[in-house]
Every structure is written in C-alpha cells, then in structure tokens.
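Colleague: Here is my input; please provide its structure:
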Amino acid sequence: MADENTENITEEPTDGVQTEAAPAEPVGPDPSLSPVQKRAWHRQRSGTAAGAPKSIEEKAEERKALRKQKAVARRRRRLQEREKKAAKLGAEAGTDRGTPTPEHVPGRLQVRQGVVVSAKGDKTLAVRIDHSKRHPKYKKIVRHTTKLYAHDEQNDAGEGDVVRIESSRPLSRTKRWTLAEIVERAK
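Modeller: Predicted coordinates:
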C-alpha cells in the first residue's frame, strides 16, 4: 500500500520553497524490463487487475467486442488493398475481378502404341513400347523399350495384341494409362 501511495503523490510547496512535481509517466515500459514485467506494466496502465475474476458472460461480451473491432479493421485493410491494387493496375482494374475460374478443358491425351506383354492381372495390361532414335553424336540407331501398365476394363486384350493406350488419372500405384483400342489381334 505504501508503494502505491508514493508513486502518484506530488509534493506541495512548503515554506515558500517550490519542489518539483513527480515526473510524467513514461510512454512505454522500461526496455530493461523482462517480458513478464512489461506485460504487468501494460496491465497496470490499462486498469485491469492481473487476475480479476470475470463471469462467462463478461468474457463472451469482451470476446464479441474484440472480434467486431478486428472485423472492422480487416474490412478497412482489405478495402485499402483493393484500392491500392486498382490504382496500380490503372483503368483495366475496374474490369478485372480477380483470377477468373478456368474452364476445365483437358489438353490432348497422350497416346502410345505397343505390344501387350502380359495380360495376367485382372483388368490390367503390361504394354511394351519400342522407341528407335538416331543417336545425335554417333548417328547409330538406338532402340529403347518402355513398359507401361494400362487399365483394360473388359479384359479384351490378350498377350501379343498390338494396342493403343492413352494417358489417364492415376488408377493405382503403377497404372496411369487406359486401353483405347486394340489395333491388331495376336495370331
């Protein structure tokens, strides 16, 4: 109690000698204070006690008021950002309303033709695709083989068939192709 009384007391002049008033309250907390002490200083300045009990309704009202303040500040900031963006973009900003939603138009599907190596899996084909390409430096024709797994819904294709497959979404860990058509049956 004695500490509280001595902080805000200004001495009155006695015997005609004028003494200095207490110094004005600082603008911010002392930088040498610890974070806990700084929070206590701010609490003391705002007038709320450190552990004053509040009812649930009071807390809810405070929370509601704080959320309203934040919503107003958010709206204001977003409006300023929009205006700033419009000023930056110039005249065409009035017609531009953000990123337009793209129409879902897939590109052309990849198509490969190859020979069925295995049709043992249910609704799955293993297709061998052969590439032959001339080597850029040595000019020799280099043959390369790729094995792709394709989805065959009706189990139509058999081993040795020449098939055309097209790309699709991932159907399993290895299948990213579907059977488009059987070009030639095995003899």
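
Colleague: is it fair to say Leu89 lies in a strand?
Modeller: No - Leu89: not assigned to a strand; according to DSSP: H, G, I helix; E, B strand; the rest coil it is helix.

Colleague: Relative to Arg78, how far out is it?
Modeller: Remark: distance between Leu89 and Arg78 (Cβ to Cβ, to the nearest Å) = 16 Å. All C-beta atoms are positioned from the backbone trio N, CA, C, and that covers glycine.

Colleague: right, and Leu125 touches Ala150 too?
Modeller: Yes - counting by Cβ atoms under 8 Å, Leu125 does reach Ala150; the two are 4.6 Å apart.

Colleague: all helices for the protein, in order.
Modeller: Along the chain, counting by DSSP state H, helices occupy 2-7, 35-46, 56-89.

Colleague: Now do the longest one, average pLDDT.
Modeller: When pLDDT is averaged over helix 56-89, the result is 92.

Colleague: How far off centre is it?
Modeller: 22 Å (Cα atoms, centre = their mean, to the nearest Å).

Colleague: Name all residues that make contact with Lys187.
Modeller: For Lys187, the contact set (Cβ atoms under 8 Å, 6 or more residues apart in numbering) comprises Gly160.

Colleague: low-scoring stretches of the protein, by residue?
Modeller: 1-26, 48-51, 91-106 (pLDDT under 70).

Colleague: Report the set of residues contacting both of Leu125 and Ala150.
Modeller: With Cβ under 8 Å, 6+ apart as the test, Leu125 and Ala150 both reach Val163, Ile165, Leu179.

Colleague: Can you add distance to Val27 and mean neighbour count and give the helices of the chain back as JSON lines?
Modeller: As requested, the helices of the chain are exported to JSON lines (distance: least, Cβ to Cβ, whole Å; neighbours: other Cβ atoms under 10 Å):
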{"stretch": "helix 2-7", "distance to Val27": "17", "mean neighbour count": "7"}
{"stretch": "helix 35-46", "distance to Val27": "10", "mean neighbour count": "12"}
{"stretch": "helix 56-89", "distance to Val27": "23", "mean neighbour count": "10"}
